[in-house]
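In: Here's a sequence, model it:
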Amino acid sequence: MKNVFLLSGTLLSLTLCLFITKWAESTPKPIPPTPTQPSSTDRSIYKDGLTPEYQNVLDKLPYASMYEIKFNIADDLYHITGNETVTYTNAEDVDLKEVKLRLFANILGGEMHVDEVAVDGEIIIPNYSLNDSLLTVPLKTPLKPKESITLNMDFSLTVPQSIELNYGVQAYYDDVLALAHAYPMIAVYDDEGWNAEIPPQSGDVTYADMSFFIVTVEAPKGVTLVGSGREISHENNRNRQTVTYEAGPVRDFYLAASPDYEVFTKESNGITLRFYTRDYLQAGAESALDVAARAVEIYSKRYAPYPYTELDFVSTPTYALGIEYPGMIAITESIVQPNQGYLEGTVAHEVGHQWFYNLVGNDQLDDPWLDESLTQFITLQYFTDEYGQAGSREFRQDLEGRWAYIGNTEIPVGLPVKEYSNAEYSGIVYGRGGLFFEALRDEMGSEIFDTFMKDYTQSNAWDIATPEKLKAKAEEHCGCNLTKLFKKWIYP
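Out: Numbers count the residues shown, from 1 in each chain. Next up is the predicted model:
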């Protein structure tokens, strides 16, 4: 994710910024019916948003949740009403007596209320906990493995007009609306049960399975809307507009809006890259798109092809340098300048998250190193491939500098976010963690390591990876026992 000291955007030179803490009504009109409704059997609407190599995945995720969401954004841009219908399938081998959904707005400085929760058309009284950020829907009849239910609910959202909490991922500030995790999101059920906690402010807040989305947004006509996935319809009605998006498979849906956005576009290897920002930042936006195109090319060759036909960037006032979402990346407006030291590293890092966080998922709260440390390493790989050993040395100095800031303390890389201080999180997960993958490459040998990384990425695509899966896959490729190395670097 993000940290004003590089976390989600790495720099080429080490500066004292490494460890600056990141802080970073009108009456709505009814939304018309969505042109195409999601279906658990017909997913053809998502095909055009996927590159040819991945279109067959539409038949391979039978238990993915199907969301239909309607947002109605008031003229003030920070009051929102909505409706959500989601089909959830029990992919576990145990009966489920309840379904849990996250209401992240209630711990991100905003306020979300949910009304009229229905399960298969029958009204259910839900329970709230974790400062009203966890909605538990009890089921009258346990949901058996492979069975599905449909949840429906209305919700209202008041978006904070500040960027003080969690880098401003959900905020209306400086004429920019950033809507991350702005809908009731089904929590992940895994070997720990339902995953739900109040996440630390220093890391990512979500841990999500792959899902499919159809999202319809009604908003004032004068704002430019940017959403995850692909825009499939756009209608204007006097002073309002209605835009519909399809996105899937993805782990989340993100939306940004501003009356000041202009769009700058680049085509590269069949992928459309766009940067939405203010017009006077055109040079920086075009520079970022050049970096993004090269990063997509490098990562596609080394790990797996990029899965979508589009990749969008938006500038926001976030306190983080950059924040990753599926098929979308938010970049803090202050660094959207050509030859700005932060910009290239931030873009290369955030593009890397399209592989490690989205394509290959992980528990970002308990195992942040599986996406952040690994993405730091592949950012190092970007600079190596792009600039040779000089680029490698310069970026490696950043990794080393982060760790050195906390005295090169051998704190394990594999701890949950909540067990690190802010400085430790940067120094260990973003510094020492990136260096671990160098140590792993040295232990395995470069050629074997490169083959392992490609196999690890492709065999875990669209799924959730774990530390055990990564270690087992590495040992499979090297024919060696890596327990000693993992004990030294990763495990408590």
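
In: C-alpha from now on. contacts and neighbour counts both.
Out: Fine.

In: Next, the closest residue to Asp48 other than its chain neighbours: phi, psi?
Out: Leaving aside its sequence neighbours, Asp48 sits nearest to Thr309 (C-alpha to C-alpha, 6 or more residues apart in numbering; 7.6 Å). In terms of degrees, to the nearest 10, the main-chain angles of Thr309 are phi -90, psi -10.

In: Let me see the contact set for Thr309.
Out: 48-51, 270-272 (C-alpha atoms under 8 Å, 6 or more residues apart in numbering).

In: which among those residues end up buried?
Out: Burial by neighbour count, 16 or more other C-alpha atoms under 10 Å: within the contacts of Thr309 this picks out 49-51, 271.

In: so the residue nearest to Lys47 when sequence neighbours are not counted, which of the three states?
Out: By the measure of C-alpha to C-alpha, 6+ apart, the closest residue to Lys47 outside its immediate chain neighbours is Gln55, 5.8 Å from it. Here Gln55 is recorded as helix under DSSP: H, G, I helix; E, B strand; the rest coil.

In: which ones are touching the closest residue to Ala247 other than its chain neighbours?
Out: Using C-alpha to C-alpha, 6+ apart and skipping residues adjacent in sequence, the residue nearest Ala247 is Gly229, 4.0 Å away. Shown in contact with Gly229 (C-alpha under 8 Å, 6+ apart): 49, 245-248, 310, 326-327.

In: wait, Glu286 sits on Glu267?
Out: No - with contact defined as C-alpha atoms under 8 Å, Glu286 does not reach Glu267; the gap is 11.6 Å.

In: would you list every one of the strands in the stretch 251-400 of the chain?
Out: Along the stretch 251-400 of the chain, counting by DSSP state E, counting those that start in this stretch, strands occupy 254-258, 262-268, 271-277, 310-316, 322-325, 328-332.

In: who does the third one pair up with?
Out: Taking DSSP bridges as the criterion, strand 271-277 forms sheet pairs with strand 262-268 (antiparallel), strand 310-316 (parallel).

In: model confidence over it, on average?
Out: When pLDDT is averaged over strand 271-277, the result is 98.

In: One more: the fifth one?
Out: Regarding strand 322-325, the rounded mean pLDDT is 97.

In: Quick check: the gap between Gly433 and Val205.
Out: Distance of Gly433 to Val205, given as C-alpha to C-alpha, to the nearest Å: 20 Å.

In: Who has more neighbours out of those two?
Out: Gly433 (30 against 19; other C-alpha atoms under 10 Å).

In: show me the contacts for the more buried one.
Out: 369, 373-374, 376, 413, 489.

In: Would you check which pair of those residues lies furthest apart?
Out: For the contacts of Gly433, the farthest-apart pair by C-alpha to C-alpha is Gln376 and Trp489; their separation is 15.5 Å.

In: more neighbours, these two?
Out: Gln376 (34 against 21).

In: Name the nearest residue to that one, ignoring sequence neighbours.
Out: Gly434 (5.2 Å).

In: same question, Lys454
Out: Closest to Lys454 by C-alpha to C-alpha, 6+ apart is Tyr303, at 4.4 Å.

In: give me the low-pLDDT residue ranges for the chain?
Out: Within the chain, the ranges that satisfy pLDDT under 70 run 1-41.

In: Could you rerun that using 80?
Out: Within the chain, the stretches with pLDDT under 80 are 1-41, 492.

In: where along it do the helices fall?
Out: Secondary structure of the chain (DSSP state H): helices at 282-302, 341-352, 372-405, 422-424, 433-444, 446-459, 467-478, 483-489.

In: Closest one to Glu68 out of the buried ones among the contacts of Thr309, please.
Out: Gly49 (17.0 Å).

In: Glu235 versus that closest one, what's the distance?
Out: 20 Å.

In: Also Thr318?
Out: In terms of C-alpha to C-alpha, Thr318 sits 30 Å off from Glu235.

In: So for these two, which sits in the more crowded spot?
Out: Thr318 (30 against 12).

In: Go ahead and confirm that one touches Thr332.
Out: Yes - here Thr318 lies in contact with Thr332, judged by C-alpha under 8 Å, at a distance of 5.3 Å.

In: sorry, back to before: identify whichever of the strands paired with strand 271-277 lies nearest to Gly193.
Out: strand 310-316 (33.4 Å).

In: hmm, who's touching that closest one?
Out: Contacts to strand 310-316, defined as C-alpha under 8 Å, 6+ apart, come from residues 49, 176, 178, 226, 228-230, 256, 271-277, 327-333, 336.

In: swap in stretch 436-455?
Out: 302-304, 374, 377, 473-474, 477-478, 485, 489.

In: again, 10 Å this time
Out: Residues outside stretch 436-455 that contact it (C-alpha atoms under 10 Å, 6 or more residues apart in numbering): 299-304, 373-374, 376-378, 380, 413, 428-429, 432-433, 435, 456, 458-459, 461, 470, 473-480, 482, 485-486, 488-490.

In: now those: which count as buried?
Out: Of the contacts of stretch 436-455, these count as buried by 16+ other C-alpha under 10 Å: 299-300, 302-304, 373-374, 376-378, 380, 413, 428-429, 432-433, 435, 456, 458, 461, 470, 473-475, 477-478, 482, 486, 489-490.

In: List the beta-bridge partners for Glu262.
Out: For Glu262, the beta-bridge partners under DSSP bridges are Thr277.

In: Tell me who's in contact with Phe155.
Out: With contacts defined as C-alpha under 10 Å, 6+ apart, the neighbours of Phe155 are 70-71, 80-84, 112-117, 183-184.

In: at 7 Å instead, please
Out: Neighbouring residues of Phe155 by C-alpha atoms under 7 Å, 6 or more residues apart in numbering: 81-83, 112-115.

In: ok so, going back, need the helices of the chain in CSV (columns: distance to Leu143).
Out: Below are those laid out as CSV (distance: least, C-alpha to C-alpha, whole Å):
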stretch, distance to Leu143
helix 282-302, 39
helix 341-352, 37
helix 372-405, 35
helix 422-424, 40
helix 433-444, 40
helix 446-459, 29
helix 467-478, 29
helix 483-489, 39
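
In: Just name the most buried of the ones you listed.
Out: helix 341-352 (a mean of 28; mean count of other C-alpha atoms under 10 Å).

In: Touching stretch 249-263 from outside, list them.
Out: 175-181, 208-212, 222-228, 274-279, 325-326, 358.

In: starting at the chain centroid, how far to it?
Out: Offset of stretch 249-263 from its chain centre (C-alpha atoms, centre = their mean, to the nearest Å): 12 Å.

In: Thanks a lot, catch you later.
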